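# Provided below for reference: sequence and predicted model.
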Amino acid sequence: MLPFFTNPYPDELIYSAISRYHFYNGNHDCKDTLEEMFGNRSVIPSLEIGSHFSVLAQKLGSHYSIKDLLANHTIYPYYDMFLSNLRQQEILRDVVGDGKGLYTRLGMVAGSICRKNDMYYCAECAKTDIDRYGELYIHREHQLQGVVYCPHHELPLKKYPITPNVTSRIKFIRFEIGKIDLTYKYEVDPHAEINIYLAKQAYKLLQQPLQTLTLQDVTMKYRGLLRNLNLVTTSNRIRQKELYERFEQKLPSAFLERFESVLDVTDEYNWLKMITRNIKRHVHPFRHLLMLYVLEKDVDDFIGLKADRGPFGKGPFPCLNRAAVHYKKSVIPIVKVTRDFKTNAPIGTFTCSCGFIYARKGPDQSVKDQFHIGRIKQFGHVWHEKLKRLSKGGVSIRTIARELGVDFKTIKRKLSEGVEISKKEQVVNQALMEEYKQNISDIMNQFPHLSRSSLREKCKKQYIFLYRHDKDWLMNKLPFNKNKLEPTKVVDWVKRDKEYAANIIKQHCELLELEKPIRITMSLIGKRLGILAKLERHLDELPRTKKLLLEITEPVQQFQIRRCCIVIDNMWLEDQPLQLWKVQRIAAVKSHHFHEIKPQLESYIKRKQDVTNDERTTS
């Protein structure tokens, strides 16, 4: 243990503390300081993090632990949250030992952006340090990659002057008062607001305990935020195009270019897609902060968010069958999620072992939503058995309906023939019925041209009562339904078939000429022409249209081949070498699918080469 050490100041890099120790201890050779701190004269000092922490912690005494040094006096917490649990453990082992591979694991070599090769300081922080401590020190929050402002004083950082090609690799640099500029000159920065936000969020990352989150936790929190913004599909895919558009709106292209974070929307491996898709790939923490900026989330708030649990949460889910003994108990293990055709909202279908099946539209906004039924798809044997028991017990229809949680009309429809129902609620107030009949008659006399719908709006109460208790009188009394008097139009299917076929041929040509190819399906053509419902319901009445659709619609594999052929044609025109791996990447075809279509593509390339060779021979 050392008899003397310059204890680190708040947020001081351990490198800076050792530099001050070297100065105050009076060592002329930095190797002597390395020997005293690490027991090794060949250690290379590292500004950002360092290594040999096990020896260093032992030398500094019981007041310092390896984790304390790493968490409070290095820049490592800036990266920690965005690493996998395995990578976090590996880095802890790296700093304990010789640190080989440490910066590679952090992505500061291959994936590094805005690399800082110099040391930085804030003029106002420097003034405060001089007043408070009588000396300067290196703040870790000023050395973070991508951070160009001080998070405390919101001022641009300044570069500490170091004579190039003079400083040794093992020299400890200490900030000297005479070498820094304490003045501040105002300069216009169009991106100052964004930079200040990022600096403050980066500083908050430094204050988080190690291993608060892992990359997997962060990914699921992102997914939850994106789901709330309707940027996650029912099949759990991210709507990348819409997310990219949000980035364009929030972050100027000049800013992204300055910080080496320009997004290429055509690149399947751009950093935004890696953040939302592949948790195995490392993305720089600065880019994670850009993501939080676009999603308008503070680091502290983000850490407190719940991970994404899907549009309906994680099972088990409650059974909402009032006839079952497990009513409202979580006994349904999974939910089947589909997409609403009109709104694209997720639809959850819940199937219980009691036979009860219900569905509702999501996503759920609160726990209460779990106990809401949108539509009952199947009642099941348990529900029907209780219906029979209640119907035989002399209970009224409305009472049964309340007991089973459905409308009384449903009970009427469900009851089997021959079951006796209590007539308690069938006793009708005759005087009230006569009064309501008179009301209807008076309204019709006063407004002789009133339609059925308008009449119902004017006297809803009377209409409903008479509909329930004397429907025959009401139907005979009401004016004729105009729609029923009009003759039904006969559809000329032959003429319609010709029109549809001509329009589809024209639409097919337009689809083939699109710059970005789209898979041609009946659904796509039907939606574009506004005839999808007709095609789905009456295709057998349209033989010419049906035959044409069978010829031009594409299975998935056929579309993949067409898309790859377009890429090959473009490469051929641009005189690029035809490499199939490059074709696969540009066409965005998964490997196992590409393997299946590879022979057809090779044949297509050979035909193009043969045609070219024949043309050259002829000429």
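Right, received. Where do you want to start?

# phi, psi of Lys377?
Lys377 adopts backbone torsions of phi -90, psi -30, taken as degrees, to the nearest 10.

# burial of it, as a residue count?
The number of residues packed near Lys377 is 14, by other Cβ atoms under 10 Å. Quick note: C-beta positions are derived from backbone N, CA and C, even for glycine.

# Let me see the contact set for it.
Thr349, Ile357, Tyr358, Ala359 (Cβ atoms under 8 Å, 6 or more residues apart in numbering).

# now it: how far from Ser451?
36 Å (Cβ to Cβ, to the nearest Å).

# all helices of the stretch 451-600 of the chain, in order?
Listed in chain order, the helices of the stretch 451-600 of the chain (DSSP state H, counting those that start in this stretch) span 452-458, 460-469, 471-477, 482-485, 493-512, 522-529, 532-538, 543-552, 556-573, 580-587, 591-618.

# lowest-confidence stretch among those?
Comparing mean pLDDT across the helices of the stretch 451-600 of the chain, the lowest value falls on helix 482-485: a mean of 51.

# Would you mind listing which of the contacts of Lys377 are buried?
Buried by 16 or more other Cβ atoms under 10 Å: Thr349, Ile357, Tyr358, Ala359, out of those.

# my read: the second one touches Gly380, true?
Yes. With the criterion set as Cβ atoms under 8 Å, Ile357 and Gly380 qualify as a contacting pair; they are 7.2 Å apart.

# what's in contact with the helix or strand hosting Ser391?
Element membership of Ser391 [criterion: DSSP states H and E] is helix 380-392. Identification of contacts with helix 380-392 by Cβ under 8 Å, 6+ apart yields 321-324, 352, 354-357, 399-400, 403-404, 411, 414-416, 419-421.

# Let's see which of the residues you listed end up in strands.
Judged by DSSP state E, the contacts of helix 380-392 include Ile357 as members of strands.

# Could I have the buried ones of the contacts of helix 380-392 as ChimeraX selection syntax?
A single ChimeraX command suffices to select whichever of the contacts of helix 380-392 are buried according to 16+ other Cβ under 10 Å:
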select :321,323,324,352,354,355,356,357,399,400,404,411,414,415,421
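
# Can you give me the end-to-end span of stretch 284-303?
Using Cα to Cα, to the nearest Å, the end-to-end distance of stretch 284-303 comes out at 18 Å.

# And that stretch, what's buried?
Using 16+ other Cβ under 10 Å as the test for burial, stretch 284-303 gives 284-295, 297, 299, 302-303.

# what about the residue nearest to Ile586 when sequence neighbours are not counted, how many neighbours?
Leaving aside its chain neighbours, Ile586 sits nearest to Val567 (4.9 Å; criterion: Cβ to Cβ, 6 or more residues apart in numbering). Using other Cβ under 10 Å, Val567 is surrounded by 20 other residues.

# what does Trp581 give?
Neighbour number of Trp581 under other Cβ under 10 Å is 9.

# Tell me the spacing between it and Arg360.
Relative to Arg360, Trp581 is positioned 46 Å away (Cβ to Cβ).

# swap in Ile518?
In terms of Cβ to Cβ, Ile518 sits 33 Å off from Arg360.
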